[in-house]
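K.L.:
Got a predicted structure here, sequence first:
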Amino acid sequence: MKILIFGRDGQLGRELVKLYPQAQAVGRAECDLLNLSALEQFLVSAAPDVIINASAYTAVDLAETNVDEAYGINCIAPQAMAAYAASHQIPFVHYSTDYVFDGEQSTPYIETDDTHPLSVYGQSKLGGETAIEATCQAAGNPYYILRTSWVYGPTDGEGGNFVKTMLRLARERDHLRVVADQHGTPTSAAWLAAITQELLEKIPRVPSGIYHAVPRGETTWHGLATWVIEVARHAGADVQVEHDQIEAIPASSYPVPAPRPANSRLDHRRLLTALDQVAFPHWQEQVSAYVQDYVKNFIKVPPSIKG
């Protein structure tokens, strides 16, 4: 089976490549997603049996002004991938985001709840969802859109994420200010890749559609930062900031160009049922393993040895 992975260099793409070492994995250098003609020609030459699209324009604040680029990568390119998949009747997997919701709901969102993105990024991702659904449903083609949130990983490499940022700041500062009124679920990129693999192995038993793919539990950015730093401290990292010096602040105290949903909690029961699982792992379990691995293999190693 020939698997084609877009977004090879991203956090999720790198974890997918680990699971599918024989797959054809490409980044922007091999295929510019903003060049629609080149993308369509690339798909024809690659002739895949499965397409996994882990590429995305994720610069949420920059998207407010780089509208064409955000829509090109998050909406137009995925529609072209879906069109190829539909014309060849091959499975298509795509990833979306909690940002398609406005966060006004008081309970976790299910897949059929009304969408109302607050930002250009969220609007472009919703546009991609809509285009993929329309294209694949019209052709009766299998498609899977996995909405997720607060993705982090892998520990190796130079890519950044919230967890790595907190670990760096905790070693440099004795006081941190972290947003505490936005709620969601941290999601391991490695786990999300494994869920994708499990889903593909169960086609066609798993119905096409949108699924919420997050682990168990919920927290705030402040709760996540506190957990990360305490795990790092117990793992032996040189942490400067004390627990009571991680200040909880409202999002209004940290203004950014693009608004974020206050409630990013996603109900994952539909995916849990589709995969015949009893329970997903808890986010704390996954973050703890991630932090311990990062401390062991990177924080304690002198820079001259890291290479």
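P.N.:
Okay, I see it. Numbering: from 1, shown residues only.
K.L.:
Which stretches in the stretch 101-250 of the chain count as strands?
P.N.:
143-148, 151-152, 176-179, 183-184, 187-188, 209-212, 219-220, 246-249 (DSSP state E, counting those that start in this stretch).
K.L.:
tell me the most buried of these?
P.N.:
Counting by mean count of other Cβ atoms under 10 Å, strand 187-188 has the highest mean neighbour count of the strands of the stretch 101-250 of the chain, with a mean of 26. For the C-beta atoms, the positions are set from N, CA and C on the backbone; glycine is no exception.
K.L.:
one step back: make JSON lines out of the strands of the stretch 101-250 of the chain and add distance to Ala38 and mean pLDDT.
P.N.:
Converted to JSON lines, the strands of the stretch 101-250 of the chain look like this (distance: least, Cβ to Cβ, whole Å; pLDDT from 0 to 100):
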{"stretch": "strand 143-148", "distance to Ala38": "23", "mean pLDDT": "98"}
{"stretch": "strand 151-152", "distance to Ala38": "27", "mean pLDDT": "96"}
{"stretch": "strand 176-179", "distance to Ala38": "40", "mean pLDDT": "96"}
{"stretch": "strand 183-184", "distance to Ala38": "36", "mean pLDDT": "97"}
{"stretch": "strand 187-188", "distance to Ala38": "31", "mean pLDDT": "98"}
{"stretch": "strand 209-212", "distance to Ala38": "29", "mean pLDDT": "98"}
{"stretch": "strand 219-220", "distance to Ala38": "41", "mean pLDDT": "98"}
{"stretch": "strand 246-249", "distance to Ala38": "45", "mean pLDDT": "96"}
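K.L.:
okay, those in CSV with distance to Phe101 next?
P.N.:
Listed next are those as CSV, based on distance: least, Cβ to Cβ, whole Å:
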stretch, distance to Phe101
strand 143-148, 9
strand 151-152, 16
strand 176-179, 18
strand 183-184, 11
strand 187-188, 16
strand 209-212, 11
strand 219-220, 17
strand 246-249, 23
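K.L.:
among these, which is nearest Glu158?
P.N.:
Proximity to Glu158 (Cβ to Cβ) singles out strand 151-152 among the strands of the stretch 101-250 of the chain, at 14.2 Å.
K.L.:
where does the stretch 201-307 of the chain have low pLDDT?
P.N.:
300-307 (pLDDT under 70).
K.L.:
between the strands of the stretch 101-250 of the chain, which gets nearest to Pro21?
P.N.:
Nearest of the strands of the stretch 101-250 of the chain (Cβ to Cβ): strand 187-188, 19.5 Å.
K.L.:
and that closest one, which strands flank it?
P.N.:
Strand pairing for strand 187-188, determined by DSSP bridges: strand 151-152 (parallel).
K.L.:
Looking at the strands of the stretch 101-250 of the chain, which is nearest to Asn35?
P.N.:
strand 143-148 (23.4 Å).
K.L.:
And the closest one, what does it pack against?
P.N.:
Here strand 143-148 touches strand 92-97, helix 120-139, helix 189-201, strand 209-212, going by 3 or more Cβ pairs under 8 Å, 6 or more residues apart in numbering; DSSP states H and E.
K.L.:
Of the ones you listed, flag the one that's most buried.
P.N.:
strand 92-97 (a mean of 26).
K.L.:
Can I get that one in CSV, CA atoms only?
P.N.:
Coordinates of each C-alpha in strand 92-97 appear next as CSV, following Å, rounded to 0.1, in the frame of the first residue of the first chain:
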residue,chain,number,x,y,z
PHE,A,92,-8.2,10.5,2.7
VAL,A,93,-7.2,11.6,6.2
HIS,A,94,-7.1,15.2,7.2
TYR,A,95,-6.6,17.1,10.5
SER,A,96,-8.6,20.0,11.8
THR,A,97,-8.9,22.0,14.9
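K.L.:
any chance of the helices and strands packed on strand 143-148 in a markdown table, with distance to Glu104 too?
P.N.:
Below are the helices and strands packed on strand 143-148 laid out as a markdown table (distance: least, Cβ to Cβ, whole Å):
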| stretch | distance to Glu104 |
| --- | --- |
| strand 92-97 | 16 |
| helix 120-139 | 13 |
| helix 189-201 | 26 |
| strand 209-212 | 17 |
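K.L.:
Go through these and name the closest to His222.
P.N.:
strand 92-97 (21.0 Å).
K.L.:
if we can go back for a sec, can you say which of the strands of the stretch 101-250 of the chain is nearest to Gln197?
P.N.:
strand 143-148 (11.9 Å).
K.L.:
Direction-wise, compare the closest one with strand 92-97 and give the angle.
P.N.:
Between strand 143-148 and strand 92-97, the angle comes out at 20 degrees (axes from the mean of the first three to the mean of the last three Cα atoms, to 10 degrees).
K.L.:
Since that was my last question, I'll sign off now.
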